[in-house]
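Asker: Output the structure for:
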Amino acid sequence: MDDMSDSTLEIPVLEPNMQVDFYYRLKSLNELYLFYALSKTVAQLDLQIIDKQLHDYVDQKSLKKVASFGLRGEIIFPIPYIIENNPSLLGYYRLLFGFSKKKFYNGDVFGPFNLLEERGIIKPGIKNYIPQLCSSLIKTAKMLIDGLDELSLPIVHDLQILTIGAALRGGVNDDIGAIAVTNIFNLIKNIVSPYITDIGEKHIKIKNDSNRTAMIKFLSDPDIHISEKIGKTVRPLLSIEIKGGRDESNIFNRLGEAEKSHRTAKANGFCEFWTIIGVDVNLNRAREKSPTTSVFFNIDNIQNPESEEYQKFRDLLCSSLSIHIESSDIKDKSLCS
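Answerer: Coordinates of the predicted model:
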């Protein structure tokens, strides 16, 4: 290689597949946990209540220091009003303060708050502790700003990305899959919200228009099980597989995996089979790889309330669950709570 005079040398073309995966993961994180998610939530809330809670929970010196950098207080300080309206934003502040999920939630104190970030829900037993949680994290925020001589939105973003960085390098595909499942959980939660009777980390229970209980379970093989209870009988309805990866070269292998899950579900009595994917594909080839799939959906399209594919997803889901939802009934039309 020292002699570069050989004109026959072939230099391979390197594929930036990991960076493409990183891009889509960051895009999803931005919609869930970064400034875009915070600003969208704040735009839907009452600024007078936000300002009152900031003054109730944060000392004037700290608020003035943040204001001197041209930032509103909620960008740095978590308050109950914001967390209660979008529990997932606990992840925004966790990332800002530099704590990995494992470090933050590994313990008896912060562990029970994991559902806020992961599923955007606040269990009844946790709600009373939100003010204490915010008070604790506000003290962390004060230590952060006391240690900095400059602060801006780009710096806030950079600090969050530094926290995310290690996770981006490790287990990219698993992380992308987990984010995809979280996005679909939030999507379904928002669509069926008027009918919800119980919700947990891996389930949503509703009472449908026939006064029967329907259960949406987030498990594996398939990723989502939807069933209805009729008397003492549980009737399987819908099997959903989520393949949220962005690697186009591997999508048909992933569709083969979805097909195996759907066949298992079919053997267990399910009658409808959906596959949600993260890339655009030729539907004829997709059907060859997963002939059991009834409908294919693109994960980005079904999260856009203005798209025809979202409306199709919503209408078919409501039909499967025997519920009736108008667009005006959906609590959060951004679908990112």
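Asker: got the contact list for stretch 38-55?
Answerer: 63, 73-75, 77, 79-82, 85-86, 89, 92, 334, 336-337 (CB atoms under 8 Å, 6 or more residues apart in numbering). For the C-beta atoms, the positions are set from N, CA and C on the backbone; glycine is no exception.
Asker: low-confidence ranges in the chain?
Answerer: 1-7, 166-177, 327-337 (pLDDT under 70).
Asker: just checking, next helix/strand downstream of the longest helix along it?
Answerer: Counting residues, the longest helix in the chain under DSSP state H turns out to be helix 172-192. For helix 172-192, the following helix or strand on the C-terminal side (DSSP states H and E) is strand 196-200.
Asker: Weed out the non-buried ones from the contacts of stretch 38-55.
Answerer: For the contacts of stretch 38-55, a burial check counting by 16 or more other CB atoms under 10 Å picks out 63, 73-75, 77, 79-82, 85-86, 89, 92, 334, 336-337.
Asker: Just those: which are in helices?
Answerer: Taking DSSP H, the ones among those that sit in helices are 63, 80-82, 85, 92.
Asker: moving C-terminal of the top strand by length along the chain, what's the next helix or strand?
Answerer: In the chain, taking DSSP state E as the definition, the longest strand is strand 233-243. Using DSSP H and E, the helix or strand that follows strand 233-243 in sequence is helix 251-267.
Asker: quick check: angle from whatever helix or strand comes next after that following helix to helix 172-192?
Answerer: Using DSSP H and E, the helix or strand that follows helix 251-267 in sequence is strand 272-277. For strand 272-277 against helix 172-192, the angle by axes from the mean of the first three to the mean of the last three CA atoms, to 10 degrees is 130 degrees.
Asker: before we move on, the earlier item: just flag the most distant two among the ones in helices among the buried ones among the contacts of stretch 38-55.
Answerer: Greatest spacing in these, by CB to CB: L63 and N85 (20.7 Å).
Asker: measure L26 to I164 for me?
Answerer: 8 Å (CB to CB, to the nearest Å).
Asker: typo on my end, T264
Answerer: 34 Å.
Asker: Who has more neighbours out of the two?
Answerer: Taking neighbours as other CB atoms under 10 Å, T264 and I164 compare with I164 leading, 19 against 14.
Asker: Keeping just the C-alphas, turn the helix or strand hosting that one into CSV.
Answerer: Assigned by DSSP H and E, I164 falls within helix 153-169. Only the C-alpha atoms of helix 153-169 are listed here, as CSV (Å, rounded to 0.1, in the frame of the first residue of the first chain):
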residue,chain,number,x,y,z
LEU,A,153,-31.0,25.4,23.3
PRO,A,154,-28.1,24.0,21.2
ILE,A,155,-26.2,23.3,24.5
VAL,A,156,-29.3,21.6,26.0
HIS,A,157,-29.6,19.5,22.9
ASP,A,158,-25.9,18.6,22.9
LEU,A,159,-26.1,17.5,26.6
GLN,A,160,-29.0,15.3,25.8
ILE,A,161,-27.3,13.8,22.8
LEU,A,162,-24.2,13.1,24.9
THR,A,163,-26.4,11.0,27.2
ILE,A,164,-28.0,9.2,24.3
GLY,A,165,-24.6,8.6,22.6
ALA,A,166,-23.6,5.4,24.5
ALA,A,167,-27.0,3.8,23.9
LEU,A,168,-26.8,4.7,20.2
ARG,A,169,-23.6,2.7,19.9
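Asker: picking that back up, for the longest strand of the chain, which strands pair with it and how are they oriented?
Answerer: Sheet neighbours of strand 233-243, with direction, are listed as strand 224-230 (antiparallel), strand 272-277 (parallel) (DSSP bridges).
Asker: quick one: buried residues of that strand?
Answerer: Judged by neighbour count (16+ other CB under 10 Å), strand 233-243 contains these buried residues: 236-243.
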